[in-house]
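Asks: the sequence and its predicted three-dimensional model are supplied below.
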Amino acid sequence: MKRTLFDWTALADRGTFIAGIEYFLTDRGQIFQHFQRWGEERSLPVYFWNPGCSSIQQLGNREAENTVRTVFQPTTLAERDRDMIQYLLDTQQPGIFLLEGVLQFDERGQLSDRLIYQLSNAFQQLSWGNSCQYWVLLAEQIELPPSLQPFIPVLINALPNLQQITQTVEQFCQSRPNLHTDANARTRLARACQGLTVGEIDLVLVQSLPFARAVRQLAQMVLSYKLAKLSGRGLDFIADPDVPTAAGLDLLDARLDRISALFNPEAQKQYGLKFPRGLILWGPPGTGKSLSAKLAAQKMGVPLMAVDWASISSDRELRFLLATAEAMAPVVLYFDDFDKGFAGWDSNADGGLSKRRAGKLLTWMQEHQSQVFVIATVNRLGMLPLELQRRVDDIYFVDLPHDGVRYDIFNLHLAKYFPAFREAQKTGISPWTDDQWHVLLTEYRLCTPAEIGNAVRRVAEEKYFQLDRAGRLGDPLEISFEEMKQQRWHFTPAMIREENQMLEIRNNATFAKPVAGPDRSKFARPRKELFQSDEEEPAQLTAT
């Protein structure tokens with residue numbers, strides 16, 4: 001685990017004259033304030049430079065509106081066009097130098113040989129000299145080559161945790177007594193701020209304040225800002241599922257109940273139980289893996305943060321992802337179609353970048369202590385590295401549903417469009433007979449849950465069109481058994497269309513746990529003997 005910004009003082013006191021600090025640009029003001037204080041404690045001036053400065057700037061304080069603010073004060077030290085590293089090597093000016101933009105990485109994420117030699121020379125010169133000069137290299141991400149890592153420790157300015165954010169929100173609300181608030185609203189605002197930097201929280205709150213009269217409105221504005229920001233970096237919060245529940249997940253639900261209990265901090269503090277790392281949902285396309293993941297987060301009562309692993313193209317993006325997830329804990333980190341991001345990952349076609357990022361993810365999954373639960377959906381489990389498969393606690397197989405589950409799936413989707421089926425959910429009396437249901441379940445036996453949902457939606461669209469043409473908009477939608485049955489022959493199920501691929505996936509299902517138990521519904525089919533067809537009854541086969 002990397003050391004934080006506040007470890008700099010201990011390093012400086014022990015003779016560490018060069019250090020790197022990873023930070024977000026919005027937190028620059030807080031970093032200036034910390035180093036101003038540390039400079040005063042050591043009777044050293046604090047300087048700042050980046051390629052946008054005309055010369056090295058000295059940090060100073062200015063009182064304004066009963067607050068002390070850090071300001072730049074021009075100096076006669078090195079001008080913009082000078083080689084800053086070489087200038088500092090040549091000068092004996094004492095002080096703490098905050099250097100931003102000095103670490104210039106090429107497209108491969110590497111420093112130039114010249115800069116590497118300059119920094120190694122600086123380590124020797126500052127360690128042996130008497131200039132009392134400290135360098136702090138600032139960058140959003142620092143990946144030093146192995147030759148420099150022993151000389152330059154890298155610290156991080158970590159994202160604030162929920163407790164720190166709550167304190168910031170409380171102070172903000174107390175300083176604005178005219179802002180309507182309550183405890184629930186402040187809690188919502190603190191949750192909305194998770195995943196943002198301290199400086200970013202201050203900026204967004206101040207900028208949103210003129211448009212909000214209540215903390216609840218502020219929370220929604222901050223959340224909208226965060227969603228837009230994360231979406232631009234390949235992250236997203238999954239919208240609410242389009243159905244309130246998923247059928248046929250009784251075994252998975254039982255496991256999720258136990259995981260939900262482990263979100264309680266007492267599980268770790270008092271009982272020493274380790275928070276689980278995650279699970280994999282494996283199965284053919286369209287069987288409801290993504291919906292299961294969304295409903296899992298809903299069941300556990302935590303946010304779900306989705307990421308496209310294949311879109312993570314740099315170490316910087318991966319580190320941002322993991323840091324954001326930890327800052328937002330408790331949270332479900334959701335990777336959809338996870339296996340696609342590992343196609344050819346071990347071929348070194350990209351110079352080993354994919355393998356290195358996979359390794360960093362594996363290390364994080366093994367070592368992180370935050371309440372971040374990983375859920376990944378895959379079609380082909382074999383494409384995932386074995387090391388990754390071993391990092392998760394459970395692998396569940398989401399297969400085609402049995403008849404009892406298929407019946408529940410039909411009714412979930414039918415109730416979305418047809419009032420008669422919404423009423424049936426209350427009364428328990430279906431508009432169709434059991435014999436009709438037996439026929440329908442047989443017709444759709446090779447269909448995935450997604451295909452069943454699409455079939456119901458298409459019938460609903462056709463019924464709406466008929467009402468529109470008849471000038472009867474406003475009348476409720478109605479559906480007959482025959483219409484639902486006929487819709488089955490308007491498409492070819494994936495189990496038939498992509499038979500080889502689907503069977504290959506299903507044939508390996510013994511390596512995972514099932515998400516559903518045996519069919520115990522009234523539509524359960526009797527167990528068949530070997531070579532027995534659907535039309536044959538067990539008694540008939542035995543009689544022969």
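Replies: Everything's here; your move.

Asks: quick check: end-to-end length of stretch 152-168?
Replies: According to Cα to Cα, to the nearest Å, stretch 152-168 extends 32 Å from its N-terminal end residue to its C-terminal end residue.

Asks: identify the residues contacting it?
Replies: Taking contacts as Cβ atoms under 8 Å, 6 or more residues apart in numbering, the residues outside stretch 152-168 that touch it are 2-5, 7-8, 11, 16, 18-24, 27, 30-31, 119, 123, 137, 142, 144, 186-187, 190-191, 193-198, 201-202, 323-324, 326-327, 329. Backbone N, C-alpha and C define where each C-beta goes, glycine included.

Asks: how's the chain carved up into domains?
Replies: The chain breaks down into these structural domains: 5-156, 162-232, 250-397, 403-514 (assignment by automatic domain parsing).

Asks: tell me the centre residue of the chain?
Replies: Met305 (3.5 Å; Cα atoms, centre = their mean).

Asks: can you tell me which residues contact that residue?
Replies: Neighbours of Met305 in contact, by Cβ under 8 Å, 6+ apart: 230, 235-237, 324-325, 328, 331-334.

Asks: ok, back up a step: mind checking which of the contacts of stretch 152-168 land in helices?
Replies: Within the contacts of stretch 152-168, membership in helices is found for 8, 11, 30-31, 119, 123, 186-187, 190-191, 193, 198, 201-202, 323-324, 326-327, as judged by DSSP state H.

Asks: hang on, the earlier thing: format the domains of the chain as JSON lines; extra columns: distance to Arg520 and mean pLDDT.
Replies: Written out in JSON lines, the entries for those read as follows (distance: least, Cβ to Cβ, whole Å; pLDDT from 0 to 100):
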{"stretch": "domain 5-156", "distance to Arg520": "53", "mean pLDDT": "85"}
{"stretch": "domain 162-232", "distance to Arg520": "40", "mean pLDDT": "89"}
{"stretch": "domain 250-397", "distance to Arg520": "10", "mean pLDDT": "83"}
{"stretch": "domain 403-514", "distance to Arg520": "7", "mean pLDDT": "90"}
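
Asks: any chance of those domains in JSON lines, plus distance to Phe523?
Replies: As requested, these are arranged in JSON lines below (distance: least, Cβ to Cβ, whole Å):
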{"stretch": "domain 5-156", "distance to Phe523": "56"}
{"stretch": "domain 162-232", "distance to Phe523": "42"}
{"stretch": "domain 250-397", "distance to Phe523": "16"}
{"stretch": "domain 403-514", "distance to Phe523": "4"}
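
Asks: closest to Pro526 out of those domains?
Replies: domain 403-514 (11.3 Å; Cβ to Cβ).

Asks: out of the domains of the chain, which is closest to Ser521?
Replies: For the domains of the chain, proximity to Ser521 was assessed by Cβ to Cβ; domain 403-514 is nearest, at 3.0 Å.

Asks: can you pull the contacts of the nearest residue to Tyr225 once chain neighbours are set aside?
Replies: What sits nearest to Tyr225 in space, not counting adjacent residues and going by Cβ to Cβ, 6 or more residues apart in numbering, is Val204, at 5.5 Å. For Val204, the set of contacting residues under the criterion of Cβ under 8 Å, 6+ apart consists of 193, 196, 221-222, 225.

Asks: for the biggest helix by length in the chain, what is the distance to the chain centroid?
Replies: In the chain, taking DSSP H as the definition, the longest helix is helix 449-469. When C-alpha coordinates are averaged (Cα atoms, centre = their mean, to the nearest Å), helix 449-469 and its chain have centres 34 Å apart.

Asks: contacts for stretch 214-232, please.
Replies: By Cβ under 8 Å, 6+ apart, the surrounding residues in contact with stretch 214-232 are 173, 179-182, 185-186, 188-189, 191-193, 195-196, 201, 204-205, 208-209, 211-212, 236-237, 305, 324.

Asks: dump that stretch to PDB, restricted to CA.
Replies: As requested, C-alpha coordinates have been extracted for stretch 214-232 and formatted as PDB (Å, rounded to 0.1, in the frame of the first residue of the first chain):
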ATOM      1  CA  ALA A 214     -32.200  22.800  -0.100                       C
ATOM      2  CA  VAL A 215     -29.500  20.300   0.600                       C
ATOM      3  CA  ARG A 216     -31.600  17.600  -1.200                       C
ATOM      4  CA  GLN A 217     -31.400  19.700  -4.400                       C
ATOM      5  CA  LEU A 218     -27.600  20.000  -3.900                       C
ATOM      6  CA  ALA A 219     -27.300  16.300  -3.600                       C
ATOM      7  CA  GLN A 220     -29.100  15.700  -6.900                       C
ATOM      8  CA  MET A 221     -26.800  18.300  -8.600                       C
ATOM      9  CA  VAL A 222     -23.700  16.800  -7.300                       C
ATOM     10  CA  LEU A 223     -24.800  13.300  -8.300                       C
ATOM     11  CA  SER A 224     -25.600  14.500 -11.800                       C
ATOM     12  CA  TYR A 225     -22.100  16.100 -12.000                       C
ATOM     13  CA  LYS A 226     -20.500  12.900 -10.800                       C
ATOM     14  CA  LEU A 227     -22.400  10.700 -13.200                       C
ATOM     15  CA  ALA A 228     -21.400  12.800 -16.200                       C
ATOM     16  CA  LYS A 229     -17.800  12.800 -15.000                       C
ATOM     17  CA  LEU A 230     -17.500   9.100 -14.500                       C
ATOM     18  CA  SER A 231     -19.400   8.300 -17.700                       C
ATOM     19  CA  GLY A 232     -16.700  10.200 -19.600                       C
END
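
Asks: returning to what we had before: pull the most distant pair out of the contacts of Met305.
Replies: Greatest spatial distance among the contacts of Met305 (Cβ to Cβ): Leu230 and Val332, at 14.6 Å.

Asks: show me which of the two is the more surrounded one.
Replies: In terms of neighbours (other Cβ atoms under 10 Å), Val332 is the more surrounded of Leu230 and Val332; the figures are 24 against 21.
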